[in-house]
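Novice: coordinates only, no sequence provided:
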């Protein structure tokens, strides 16, 4: 449910009402938002408005949008790449472009729809009818491994492992710029952006602790322009200003890195890498400008490569590795061709 009231500032004026709300305030598709405006659930200065209204400085926007009526999620015969399966859990290698669970305006073609077809009623129900079996998620345009629970017993065990940082997740990514340090840690709280409610950001307001460890695997391009030396220290809120002041992005260079999540906040790796001046290649949300070499990626070059966990029932340590997908390996081949021999 959305229930809020706010005043348009000088910087926000001049935009269409539907466009402004969908891009900055409400996590809802634009078409769904237009329906809410037509149903008079959103008002301007105390009166019903229309989607084409141009917001002005001082306008008071009020909204009361009730929770959506629960939709019945249908099983769909969508092929899945299953790495491992038993009576308690599945390990799925999700392709780039597939959404994990249904949401407003997107109730089909998701991983959940596919799981329901494959597993029938054998999925944990802890996360409700919209997210059966889902223990954790990865972004639509991030490929790679995630675990789904077939029983509540397994789901509870895996949730504890996530909470206690015992479920290890490693990613590989190509980032923009040349990272000088061979390894480092970004420790910066992540929460909803105050400027764009559809995005996450490093912020002290309504945020949670977020830690990402990374190491360089391969460099493409010349020498870095970052004015730092030695290993990159863990960052905290008090260090941000000085850290960012020496961070310069070398737009024509790229770095292949491995990231290990200590925490699992929404868009964490994407936000953290953009925060230190090295957004993930192809990321048009947190990377601002997507260069010519990146457009073929159709989203961020980020792959969930490894997953390590303790099996809920047998207590065995399990390790799963996903092969590098074609879009990722093809991009690396292109970089190696463009830049020649990569710097170690």
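Specialist: Yep, it's here. As the structure is a prediction and not an experimental result, all values here were calculated from the model.

Novice: ok, now how distant is residue 54 from residue 263?
Specialist: 41 Å (Cβ to Cβ, to the nearest Å). In this view, the C-beta of every residue, glycine as well, is placed from N, C-alpha and C.

Novice: between the two, which has more neighbouring residues?
Specialist: residue 263 (16 against 12; other Cβ atoms under 10 Å).

Novice: on the three-state scheme, that one is what?
Specialist: Classification of residue 263 using DSSP: H, G, I helix; E, B strand; the rest coil returns coil.

Novice: quote the end-to-end distance of stretch 318-335.
Specialist: End-to-end span of stretch 318-335 (Cα to Cα, to the nearest Å): 34 Å.

Novice: which other residues reach that stretch?
Specialist: Contacts of stretch 318-335 with the rest of the structure, by Cβ atoms under 8 Å, 6 or more residues apart in numbering, involve 83-84, 91, 93, 95-96, 143-145, 172, 174, 218, 220, 254, 256, 281, 293-294, 296-298, 301, 303-311, 342.

Novice: among the residues you listed, name the buried ones.
Specialist: 91, 93, 96, 143-145, 172, 174, 220, 254, 256, 281, 293-294, 297, 301, 303-309, 311, 342 (16 or more other Cβ atoms under 10 Å).

Novice: average pLDDT for stretch 141-150?
Specialist: Confidence over stretch 141-150 (mean pLDDT, whole number) is 96.

Novice: I meant to write stretch 77-93 there.
Specialist: In this model, stretch 77-93 has a mean pLDDT of 96.

Novice: what comes up buried for it?
Specialist: 78, 80, 88-93.

Novice: which two of these have the greatest separation?
Specialist: 78 and 88 (22.3 Å; Cβ to Cβ).

Novice: quickly list the domain ranges of this structure.
Specialist: Domains of the chain are assigned by automatic domain parsing as 2-65, 82-164, 169-339.

Novice: in this protein, which helix is the longest?
Specialist: Longest helix in the chain, counting residues (DSSP state H): helix 326-339.

Novice: list the buried residues of it.
Specialist: Buried, per 16+ other Cβ under 10 Å, within helix 326-339: 327-328, 331-332, 335, 339.

Novice: may I have the secondary structure class of the residue nearest to residue 144 when sequence neighbours are not counted?
Specialist: Leaving out its chain neighbours, the residue that sits closest to residue 144 by Cβ to Cβ, 6 or more residues apart in numbering is residue 304, at 2.8 Å. Under three-state DSSP, the three-state class of residue 304 is strand.
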